[in-house]
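>>> Mind looking at a prediction? Sequence and model below.
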Amino acid sequence: MKLSHIIFGCSLTALTAVSNAGVIYSEGFEGNDNTWSAYHSPVINTPSGAITASDGNNYGLIDISVGGATGAYTFFSGSSSVFGNGFSTSLDVFIDPTVWAIGDGFDYSSAVNNQSGVHNRDFIFNAGQTTNNGFVINASNNSGFDFNEGSLINSDYYEVTTAGWYTLEHVFYNQGGVLAVDFNILDGVGALLHTETRSTAADDIATVIGGNRYGWVTYTDMSLAIDNSTLSITEVPEPSTLAIFALGILGLASRRFKK
């Protein structure tokens, strides 16, 4: 595993519409084992208590008291070299901004392969407690495995002000022949709070970009509760479904504008 050290420009966009997504991997940390591995810190299935699981009875706890602050990872249902129609990954993270000290944070990456199944690029949520801006989450292509306040506040970011579960979602899609990735932050009921898009012309879909690689909490300065780790592939509706949908839209438009 490796991380890209190139940072690209970014712009705000609305959430890109994708067709029906098929979940091919889901980890809810129920039972006695899970599919996340310790980079150094183990992920422990933990019953609801002081923290109530995002879903089900358990959540995963990245326990830094055992291995230190260098996190944990998953390869979802397996590393892939096939982009197909795109894919998305998500992870629920419990954040209480009042308990993080200034200068503490975590990074979460979802990476993409090239068509040889080799690492191509990371897309990383950087999060942490800043000096004057509160607990913020930002997006980049790099993790320094440590808190970096300058990068956290050097562009658009989202400030977390309320304790709770937040979903960190990556949506990988084809935008004019080039890979684009939406970084979406959702609240505990799935409402979109913030989105940012990153893309570079080097990530050509036809010749370069493959499928998913890992989800990786590269570091965390506190033991971190996570839940609902997922990978979904983007499924294109059948032509008949598209036709029915289009007819429905035309029908609605006709009724709306009929005098």
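Cool, got the structure. Numbering: from 1, shown residues only.
>>> Please count neighbours and contacts with C-alpha atoms only from this point.
Will do.
>>> Angles on the backbone of A69, please.
phi -90, psi 20 (degrees, to the nearest 10).
>>> going forward can the numbers begin at 120, since that is how I track them
Got it, the first residue is 120 from now on, which makes the last one we talked about A188.
>>> close enough to count as contact, it and S160?
Yes: A188 lies in contact with S160 (Cα atoms under 8 Å); the separation is 7.0 Å.
>>> center of the protein - which residue?
Per Cα atoms, centre = their mean, the C-alpha nearest to the average position across the chain is that of E288, at 3.2 Å.
>>> Quick one: residues contacting that one.
S207, T208, S209, L210, D301, F302, N303, I304, L305 (Cα atoms under 8 Å, 6 or more residues apart in numbering).
>>> In the stretch 270-378 of the chain, mark out all the helices, start to finish.
358-376 (DSSP state H, counting those that start in this stretch).
>>> for it, what are the low-confidence residue spans?
356-378 (pLDDT under 70).
>>> mind running it again at 90?
270-275, 354-378 (pLDDT under 90).
>>> for it, what spans make up the strands?
Counting by DSSP state E, counting those that start in this stretch, the segments of the stretch 270-378 of the chain that form strands are 277-279, 283-294, 297-305, 311-323, 328-339, 343-353.
>>> in the sheet, who's paired with L311?
L305 (DSSP bridges).
>>> Which residues are in contact with it?
N303, I304, L305.
>>> Export those to CSV and append columns for neighbour count and distance to S228.
As requested, the contacts of L311 are exported to CSV (neighbours: other Cα atoms under 10 Å; distance: Cα to Cα, whole Å):
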residue, neighbour count, distance to S228
N303, 21, 13
I304, 23, 14
L305, 18, 16
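>>> Out of those, flag the one nearest to D340.
Nearest to D340, judged by Cα to Cα, of the contacts of L311 is I304 at 20.6 Å.
>>> ok, the closest one touching T314?
Yes: counting by Cα under 8 Å, I304 does reach T314; the two are 6.4 Å apart.
>>> secondary structure element for the closest residue to D241 other than its chain neighbours?
Excluding the flanking residues, the one nearest D241 by Cα to Cα, 6 or more residues apart in numbering is A230, at 4.2 Å. In the assignment (DSSP states H and E), A230 maps to strand 224-233.
>>> Report the rounded mean pLDDT for the helix or strand just after that strand.
Using DSSP H and E, the helix or strand that follows strand 224-233 in sequence is strand 238-248. For strand 238-248, the mean pLDDT works out to 97.
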